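[1] Please find the sequence and the predicted model below.
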Amino acid sequence: MGFRLFRRVKILPGVTVNMSRSGPSLSLGPRGYKKTISKRGLRTTVGLPGTGIYYTDLESWKKVQGSQTGNPASPSTSPHPASTAAPGIACPHCGQTTGTSWLFCPHCGTRLP
């Protein structure tokens, strides 16, 4: 298990700046519903405060920009299934390296072929 570095600073009620090893982010919203803006994209988190039950969804900046221009980002198709992919194969959507048995790209969230 590795060490984690994380610091949260409250700016105003419902507004926090989060600092971690991967970079800063800004969270907006009350307990139970947050929008977080970071270099990875726009994350929406909805939960039941005090229960530990929550749902989170990440929209990468590529997808956000594609939907604003009217051209939604869509992954290219490949005839090769992810289970037969060689180690170090690139994601067809973002070009980042993925594993052999991964169903989704860890960088952009695109379902791998």
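    Received the coordinates, thanks. Quantities reported herein were computed from a predicted structural model and do not represent experimental measurements.
[2] Can you show me the helices along this structure?
    Under the criterion DSSP state H, helices of the chain are mapped to 61-68.
[3] mind giving me the domain ranges of it?
    Annotated domains of the chain cover 1-72, 74-113 [automatic domain parsing].
[4] Pick the most deeply packed of the ones you listed.
    The highest average neighbour count among the domains of the chain, using mean count of other C-beta atoms under 10 Å, belongs to domain 74-113 at a mean of 14. For every residue, glycine as well, the C-beta is placed using N, CA and C.
[5] so for that one, what's the average pLDDT?
    Domain 74-113 carries an average pLDDT of 66.
[6] cool, stretch 62-69 as well?
    Rounded mean pLDDT across stretch 62-69 is 64.
[7] Now do stretch 12-23: distance from first to last residue.
    With C-alpha to C-alpha, to the nearest Å as the measure, the ends of stretch 12-23 fall 20 Å from one another.
[8] Arg43 is in contact with Leu58, correct?
    Yes - the pair Leu58 / Arg43 is scored as a contact, 4.9 Å apart, by C-beta atoms under 8 Å.
[9] All good on my end, thank you.
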